[in-house]
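Undergrad: give me a model of this one.
(chains A and B)
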Amino acid sequence: MSETLLEGRGVTKRFGGLTAVSAVDFTVQKGEILGVIGPNGAGKTTLLNCITGLDPANEGEILFRGDRIETMKPHAITRKGVARTFQIVQPFAGLAVRENVVMGALFGSQKSKKEVKRAQELADEMLAFVGLSDKSAQLASQLTLAERKRLEFAKSLATEPEVLLLDEVNAGLNTMEIENAISLIHKVREQGVTILVIEHLMKVITDLSDRVIVLHHGEKIAEGLPREVTSDEQVIKAYLGEKYVAMMKKLDEES
Amino acid sequence: MFRPWSHIQWFGMGVGLLALILLPSFVENDEIRKWMDILMVAILATSWNFIGGLTGYPSFAPAAFFGLGAYTTAILMNAGFNFFITLGIGACLGALVALALGVPILRLRGHYFAIATFGVAEFFRELADNLRITGGGDGINLPQITGGPDYFTRFFYFSMLGVAVLAVLTQYFVTRHRLGYGLVAIRENEDAAAMTGVDTTKYKIIAFVLSSIFPAMGGGVYAYRAAFLEPIDVFDVLFSIKAIVMSMLGGVGTVMGPLVGALMMEYLSDYLWGAFTEFHSAFLGIIIVLVVLFLPRGLMAVSQEVKSRGWGSLGVILKSNIQRFKV
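TA: I've put the predicted structure just below:
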């Protein structure tokens, strides 16, 4: 029933002597939201960089709809239908908000070769979708961080992706802004876009994801439903340290 | 960003072009020659805009392509080729060289790219200085054009005008289509451009090739007119610097900017030459510094802001330009 859209087999990325991502296998099913969690430095962003071709993997295969993409260039991967947002937002700062999104529409999906006018229409739709219509004439550099994150969304969505990779969309946002972002992610999924989301906030990932994989020191240490994963002893160790687990065990025994 | 020109703007450009076409019927040969120089630097500035203004890669290569085109015309006309055919061959040669150089050089960014392109111009100068086919340091003569001064002044003027119109129209159509948007995306954030699907390597090379074609043709016209070439004349870094400063003065990344900049700069330098012959380069230098300081985005950008905010805000605009510069 479920169809694998994106798949990694033994994805490995080394920087000098450091193995940032170590033989990670993963699959993303069509229509799901897959969460990738792990403490700082676990290799989450590096994994995204491997998938999107920004930092190609040293070993392993990455397949999108069954096609190998691990040696393709970033722009070609985007055009195939894999879009992403950056943790540190990457707007075209000197351009208007609308023009930022036009870029995604013009150069993204090659399903239909778009000219400037059609791209502008699509950009306006995307801006309405993320709620930035009233800011479309402003310079991207004038937006607040939360707005810039929404701009990243609109820009990525304008490439008409089949799978959207979100890198810490909530980093630096306050509680209310996080809620807005989460509802936006749900809205994107309802449009039929498959989502892989990186988070380090446990709460967010459990609310959001259908399935979760956990990275630690570049290795996949757990995979499963959010509920299962968050009660996994290894995961708690990775997040909170061995001492904490030992302490909790002791408390359990005493009571 | 790039709106298609309105009917009024097209009309204005048409009137401008008509004025340039009719100009030789009304003025002396001296004045025609002056406008020919303006057109020549307008070609250089407009061409630089493809790579420097739109794409954000500060190229010092215009002199290389200008000289390449000049020597191509010189050598081929001596071999009996028709002048206009040599312009076409010069343009193709410029494009091929840009293509071959672009692949390795466009991997560099910022200062490194600037230095590398500077090196390219110097390399070609050395080549012209030492090859037999270019006449080496002694220079090379071209066939003299026949006909009186009234005729050949107009012949060269209209040749230059033709190349300039070609350059400006190319720029207009590039900036109104995907290509122009892709180049600007690269200028604004190259990694983000790649992530939105822009084939950055291909686009940068196209921009570099476009920036090479018209200087090569302009160089060809210059060569036939000069009737004698020396390497130091045409592979002169001043051509590159003029192209950059004029684009900046008018406004980088716009079609009109380099034209406005070329016109103002040539008139200004002409005036300074007349008024302060000895110090004229020093004054020119000061003006360059002032432009960079107060008008980093050029006169066109300032005039647009003045239009929307009124003359009273001119001071604020200039001040904010300085602040932007600091950041």
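Undergrad: how close does the residue nearest to B:Trp273 when sequence neighbours are not counted sit to B:Thr200?
TA: Leaving aside its chain neighbours, B:Trp273 sits nearest to B:His280 (4.9 Å; criterion: C-beta to C-beta, 6 or more residues apart in numbering or on different chains). The way it works is simple: take the backbone N, C-alpha and C, and place the C-beta from them, glycine included. As judged by C-beta to C-beta, to the nearest Å, B:His280 and B:Thr200 stand 41 Å apart.
Undergrad: of the two, who's got more company?
TA: More neighbours surround B:Thr200 than the other of B:His280 and B:Thr200, with 20 against 17 (other C-beta atoms under 10 Å in any protein chain shown).
Undergrad: for that one, which non-adjacent residue is spatially closest?
TA: B:Ala194 (5.1 Å).
Undergrad: and if you look at B:Pro143?
TA: That would be B:Met77: by C-beta to C-beta, 6+ apart, it lies 5.5 Å from B:Pro143.
Undergrad: which residues are in contact with the one you found?
TA: B:Phe83, B:Thr86, B:Leu142, B:Pro143, B:Tyr224 (C-beta atoms under 8 Å, 6 or more residues apart in numbering or on different chains).
Undergrad: so what's the residue count around the third one?
TA: If I follow you right, that is B:Leu142. Count around B:Leu142 with other C-beta under 10 Å applied: 21.
Undergrad: against B:Gly90, how distant is it?
TA: For B:Leu142 relative to B:Gly90 (C-beta to C-beta), the value is 13 Å.
Undergrad: joint contacts of the two?
TA: Joint contacts of B:Leu142 and B:Gly90 (C-beta under 8 Å, 6+ apart) are B:Thr73.
Undergrad: counting by contacts, list what the helix or strand B:Ile8 falls within packs against.
TA: For B:Ile8, the host element (DSSP states H and E) is helix B:7-26. Judged by 3 or more C-beta pairs under 8 Å, 6 or more residues apart in numbering or on different chains; DSSP states H and E, the packing partners of helix B:7-26 are helix B:29-48, helix B:149-175.
Undergrad: please name the residues that touch the one residue sitting closest to the centre of chain B.
TA: Residue closest to the mean C-alpha point of chain B, counted by C-alpha atoms, centre = their mean, is B:Leu44 at 1.5 Å. Counting by C-beta under 8 Å, 6+ apart, B:Leu44 touches B:Pro62, B:Phe66, B:Pro215, B:Gly218, B:Phe239, B:Ser240, B:Lys242, B:Ala243, B:Met246, B:Ala262.
Undergrad: so what's residue 233 closest to, chain neighbours aside?
TA: Unless you meant another one, I'm taking chain A. Nearest one to A:Glu233, counting by C-beta to C-beta, 6+ apart, is A:Val245 at 6.4 Å.
Undergrad: wait, chain B was what I had in mind.
TA: B:Ala226 (7.4 Å).
Undergrad: does any part of the host helix or strand of B:Val184 sit near chain A?
TA: Assigned by DSSP H and E, B:Val184 belongs to helix B:178-188. Yes: judged by C-beta under 8 Å from any C-beta of the partner chain, helix B:178-188 comes into contact with chain A at B:Arg178, B:Tyr181, B:Gly182, B:Val184, B:Ala185, B:Glu188.
Undergrad: tell me which helix or strand the residue of the stretch 201-327 of chain B found nearest chain A sits in.
TA: Of all residues in the stretch 201-327 of chain B, B:Thr201 sits closest to chain A, at 8.0 Å by C-beta to the nearest C-beta. When elements are assigned from DSSP H and E, B:Thr201 belongs to helix B:200-226.
Undergrad: if anything else comes up later, I'll come back, but that's it for now.
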